[in-house]
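> Pasting the sequence and the predicted coordinates here, then a few questions.
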Amino acid sequence: MKHILITGGTGFLGQHIIQKLDKKDCNILVPTRTVKNWNISGITWILVDSLQELEHYQFSKLDYIIHLAAMVKHTRYQNDDIYKIN
C-alpha cells in the first residue's frame, strides 16, 4: 500500500487525482481547512489552518507528496505574501 500526501486535495485537480487514486491500493492523507463528505475509504482528512501545523506529523513513511495547494490572490494578502507562501 502506498502512502500519499496531497496538498490542495479539495481543489479541482486534487479532487480528480484523489478519485483516480481511490481505485488503487493507496492511503491518501489530505490536509484541509474543511472536511469534505466524500465516499472514499482510503482518505484521511487532516484539519489544519496552515501547513506549519503539519510539522508534528511523521512524514517519513510517505511514499509520495503531491503538492497542488496554492494561495491565490486575495485582498487580505500582499503580493509578496502570495509569492512567499506558494
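Here it is on my side, so go on. Numbers count the residues shown, from 1 in each chain.

> out of everything not next to it in sequence, what's closest to residue 25?
Spatially, and ignoring its direct neighbours in sequence, residue 25 is nearest to residue 1 (5.1 Å; Cβ to Cβ, 6 or more residues apart in numbering). All C-beta spots, glycine's among them, are computed from the backbone N, C-alpha and C.

> Run through the residues that contact the one you found.
25-27 (Cβ atoms under 8 Å, 6 or more residues apart in numbering).

> Just send these back as JSON lines, with neighbour count too.
Listed next are the contacts of residue 1 as JSON lines, based on neighbours: other Cβ atoms under 10 Å:
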{"residue": "25", "neighbour count": "8"}
{"residue": "26", "neighbour count": "19"}
{"residue": "27", "neighbour count": "17"}
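
> Relative to residue 16, which of those is nearest.
Distance to residue 16, by Cβ to Cβ, is smallest for residue 26 among the contacts of residue 1, at 14.4 Å.

> surely that closest one meets residue 42?
Yes - counting by Cβ atoms under 8 Å, residue 42 is a contact partner of residue 26 at 5.6 Å.

> Restricted to strands, list the contacts of residue 1.
26-27 (DSSP state E).

> Could you dump the contacts of residue 1 into TSV with distance to residue 64 added?
Shown next, in TSV, are those (distance: Cβ to Cβ, whole Å):
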residue	distance to residue 64
25	13
26	9
27	11
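
> What residues are bridge-paired with the nearest residue to residue 57 once chain neighbours are set aside?
Using Cβ to Cβ, 6+ apart and skipping the chain neighbours, the partner closest in space to residue 57 is residue 46 (7.3 Å). Beta-bridge pairing of residue 46 under DSSP bridges involves residue 31.

> My read is that residue 46 contacts residue 31, right?
Yes - at 4.5 Å, residue 46 counts as touching residue 31 under the criterion of Cβ under 8 Å.
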